[in-house]
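>>> Pasting the sequence and the predicted model now:
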Amino acid sequence: MSSRRILGVGRNAAVAVIPLLIILAPLGHAIYVEVLADDVDDAQAFLELPAEPNDGCVRETTYMRFHHWELLREVRDEVVRGGVRKEISLTRCRECHPSREKFCNRCHQAVSLEPDCFGCHYYPAAAAGQREVTSR
Amino acid sequence: MKRREFLRKGGWFLVGTGCGRGLLMVAAASAAGADTRWGMVIDLTRCPADCRACVQACRQENNVALHGDTRHDIHWIRKVTIRKKHQPDGREVSLPVLCNHCDHPPCAQVCPVKATTQRPDGIVIVDHHRCIGCRYCLIACPYNARFFNYRENEDWPNPEYPKRSHGVAESCHLCAHRLDQGLQPACVDACRQAGAGALVVGNLNDPESEISRLIAGNPVQRIRPDLGTEPKVHYIGL
């Protein structure tokens, strides 16, 4: 009696837990890759950093990599609606990252994002003298 | 923690989180110059009828689209010729017409997404990121100062300033980006360089400024002040 109940609970638990584990496996892998494993840096594979990293950038590299859009969105509202112009602006990114193709496009293409900043804000896809690879 | 204490602290927490960001924005706005109120005086006695320096300078500075199609062309500032039929001499007056940056802007009142706002310094500006292109503001503006991007603008004469994409409304913002840097608007600079000096932009709240002295010392008129929009573009010799 008691062993059968334990077996029954075990079967139910297995039915519930194993699909949950399968569903959560990609999330766990993502957490491991993005947060836990320091030596795994996928971004380096397709993002070209300037010669002197974090030299004069408004925030540190990790923050900029994940939260630059929040920063730009907040600054955008302050500038357009309040007229508060500080050191942060989209045009200033060009000073250290002259090529949008190597700086913005590679990451955004990898994660299937298409920001529409550059329909209106000038940021040439390739630096002067370089071949333009993508149209956006 | 007692119930009363919990409620009191929770209330203060909610008030604090709700007001914090608003207070920050208010502080930023007051730092941007809430005591400034930008306005413009146009001296038509010094404005030659055939001069288009302000119009061209505005196009160059703000990437204002000129498609060559009168239905789609955009004019932040344009020269309008009116004949004063009701006056005995029936004289013609050529005047630059631009956004009047009304104190009670109808364009901002009708905007369903609050893309058009009035800055603390009185400039009426479009947040093109928010604009959904409904064109209510084009209909609301009594001065026809609003224009819509019916198609993409291919020209980009000034890369330092963004252009507007297809599907948003736009109008003069008194070169807010230049005023924030301490510069004069492009049309004012061009008018001065052309030798006319008919356009003057300044702080209406400062009684010592050039614009305040011009308004105090001349019979100035505004376009359709009867509408109650309180326009801030004043004309001398209209």
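Thanks, I have the structure now.
>>> Give the next helix or strand downstream of the helix or strand of chain A at the bottom of the mean pLDDT ranking.
When the helices and strands of chain A are scored by mean pLDDT, DSSP states H and E, helix A:42-46 comes last with a mean of 59. Next in sequence after helix A:42-46, counting helices and strands by DSSP states H and E, comes helix A:61-77.
>>> For that following helix, list every residue counted as buried.
A:H68, A:V75, A:R76 (16 or more other Cβ atoms under 10 Å in any protein chain shown). Every C-beta, even on glycine, is put in place using the N, C-alpha and C of the backbone.
>>> Likewise for stretch B:173-190?
Taking 16+ other Cβ under 10 Å as the criterion, stretch B:173-190 shows B:173-180, B:184-190 as buried.
>>> quick one on the thing from earlier: which one of the buried residues of helix A:61-77 is nearest chain B?
If you rank the buried residues of helix A:61-77 by distance to chain B using Cβ to the nearest Cβ, A:R76 comes first, at 6.3 Å.
>>> Where does pLDDT dip in chain A?
Applying pLDDT under 70 to chain A flags residues A:1-9, A:34-55, A:126-136.
>>> how many neighbours does the residue in chain B positioned nearest to chain A have?
Here chain B gets closest to chain A at one residue, B:P159, 3.8 Å apart by Cβ to the nearest Cβ. Applying other Cβ atoms under 10 Å in any protein chain shown, we find 14 residues neighbouring B:P159.
>>> cool, A:P124 as well?
15.
>>> That one and A:R100 touch, don't they?
Yes: using Cβ atoms under 8 Å, A:P124 makes contact with A:R100 at a distance of 6.3 Å.
>>> Now the two most distant members of the buried residues of stretch B:173-190.
B:D180 and B:A190 (19.2 Å; Cβ to Cβ).
>>> returning to that earlier point: the buried residues of helix A:61-77 also near chain B: which ones?
A:R76 (Cβ under 8 Å from any Cβ of the partner chain).
>>> with the buried residues of helix A:61-77 in mind, which one is nearest to B:E208?
Looking across the buried residues of helix A:61-77 and measuring by Cβ to Cβ, the closest to B:E208 is A:V75, at 33.8 Å.
>>> top helix in chain A by residue count?
Determined from DSSP state H, the single longest helix within chain A is helix A:2-31.
>>> how about the residues of chain A near chain B?
Checking chain A against chain B by Cβ under 8 Å from any Cβ, the hits are A:76-78, A:80-85, A:91, A:116, A:119-122.
>>> Quick one: buried ones out of those residues?
Going by neighbour count (16+ other Cβ under 10 Å), the residues of chain A next to chain B have A:R76, A:E78, A:V80, A:R81, A:G82, A:G83, A:V84, A:C120, A:H121, A:Y122 buried.
>>> and those residues as CSV, adding secondary structure?
Below are these laid out as CSV (DSSP: H, G, I helix; E, B strand; the rest coil):
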residue, secondary structure
A:R76, helix
A:E78, helix
A:V80, helix
A:R81, helix
A:G82, helix
A:G83, coil
A:V84, coil
A:C120, coil
A:H121, coil
A:Y122, coil
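>>> Tabulate those (TSV), appending distance to B:I42.
As requested, these are exported to TSV (distance: Cβ to Cβ, whole Å):
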residue	distance to B:I42
A:R76	32
A:E78	31
A:V80	26
A:R81	27
A:G82	28
A:G83	23
A:V84	29
A:C120	29
A:H121	32
A:Y122	31
